[in-house]
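Q: sequence-free structure coming up:
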């Protein structure tokens, strides 16, 4: 490609689309690659009720479509393909889709993170229909219900405690009898009368017809099967950042998340990151959108300083 863009954004979730809005509005020539999941994880959810400005909530897919159209209004170009390779070793930066080469003065990485899943077909079947990876996002929908949380770390304990604000009962299911969570978090869940801890268990099947009605559990030691009745299952076994493309290009931490060195800039000058690809903790649409704004402003400043 002959054109050298001011900004290329890789990924189209809330962080990427917000970065696109800010970059386009700043009159920066901007190209956005929509990636493996156009619109990001929000397109797999139903109603989003915690994004400011929508008092009745909004469908996740609709919210992403609105963001995309808003960025288009400011001249942002879109490519509905997956990036296959990047080269950040020189200037301009190079982005590849197969044999097609795209060039940019700055790049914003916003490829997000996938929730770690159990790998069950029934888990996929009930995704966003009782199976979730975000208690903060979806806990409200389980008021006066029974739910289960998968995991044994601090995140699982946090999710379980949070869910007791809505659910009448919360199971914590851990595959071993050893919990990785800190003692203070374990003490909190043990003190919560709504929580029951099931150790040495794995989910063998998510049960239900059109919605989740229960879980079939397998004892990790004996192999014995049992069932519990639940209305929902929350995964808290970690997230996998989508950073395979960048392993030899920018610094990643031990879990594969992009490391930010100065504000939103990565270890490579002129390359920035936004959203869940660098976020271990919050993983919310609004925090991702905010970081997309920050990355765009940082990229604009970098361009002004490196004319």
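A: Everything's here; your move. Note that this is a predicted model, so its numbers are computed, not measured. Numbering: from 1, shown residues only.

Q: assign residue 189 to helix, strand or coil.
A: Three-state call for residue 189 (DSSP: H, G, I helix; E, B strand; the rest coil): helix.

Q: what sits against it?
A: 157, 160, 161, 172, 181, 195, 197 (C-beta atoms under 8 Å, 6 or more residues apart in numbering). Bear in mind the C-beta positions are built from the backbone N, C-alpha and C, glycine included.

Q: filter the residues you listed to the buried ones?
A: Buried by 16 or more other C-beta atoms under 10 Å: 157, 160, 161, 172, 181, 195, 197, out of these.

Q: in a strand, that's where the last one is, yeah?
A: This means residue 197. Yes - assessed with three-state DSSP, residue 197 lies in a strand.

Q: can you give me the distance of it to residue 178?
A: Separation of residue 197 from residue 178 (C-beta to C-beta, to the nearest Å) stands at 12 Å.

Q: where's the dip in pLDDT among the buried ones among the contacts of residue 189?
A: pLDDT is lowest at residue 181 among the buried ones among the contacts of residue 189; the value there is 88.

Q: looking at the buried ones among the contacts of residue 189, which one is closest to residue 65?
A: Residue 65 lies nearest to residue 160 out of the buried ones among the contacts of residue 189, by C-beta to C-beta, at 33.7 Å.

Q: does that closest one sit in a helix, a strand or a coil?
A: Quick answer, by three-state DSSP: residue 160 is helix.

Q: same for the helix or strand of the chain with the lowest mean pLDDT, what does it pack against?
A: Scoring the helices and strands of the chain by mean pLDDT, DSSP states H and E places strand 47-48 at the bottom, with a mean of 78. Strand 47-48 is packed against strand 58-59, helix 60-73, with contacts defined by 3 or more C-beta pairs under 8 Å, 6 or more residues apart in numbering; DSSP states H and E.

Q: just how off-centre is the last one within its chain?
A: Computed by C-alpha atoms, centre = their mean, to the nearest Å, the chain-centroid distance of helix 60-73 equals 18 Å.

Q: which residues of the stretch 101-250 of the chain fall in strands?
A: Secondary structure of the stretch 101-250 of the chain, counting by DSSP state E, counting those that start in this stretch: strands at 113-115, 131-132, 146-150, 169-174, 195-199, 201-208, 212-219, 225-229, 232-235, 239-241.

Q: for the nearest residue to residue 66 once chain neighbours are set aside, what are its contacts?
A: Nearest non-adjacent residue to residue 66, counting by C-beta to C-beta, 6 or more residues apart in numbering: residue 58, 7.9 Å away. Residue 58 is in contact with 47, 48, 51, 66, counting by C-beta under 8 Å, 6+ apart.

Q: and of these, the nearest to residue 106?
A: residue 66 (25.4 Å).

Q: low-confidence stretches in the stretch 1-150 of the chain?
A: Filtered on pLDDT under 70, the stretch 1-150 of the chain yields the residue ranges 1-2, 36-37, 39-41, 43-46.

Q: check which residues of stretch 17-31 are buried.
A: Applying 16+ other C-beta under 10 Å to stretch 17-31 flags 17-26, 28-31 as buried.

Q: now swap in stretch 170-189 and tell me
A: 170, 171, 172, 173, 174, 175, 179, 181, 185, 186, 188, 189.

Q: end to end on that stretch, go ahead and measure it.
A: 10 Å (C-alpha to C-alpha, to the nearest Å).

Q: going forward, count from 223.
A: All right, first residue 223 from here; so that's stretch 392-411.

Q: count the neighbours of residue 256 for me.
A: Per other C-beta atoms under 10 Å, the neighbour tally for residue 256 reads 22.
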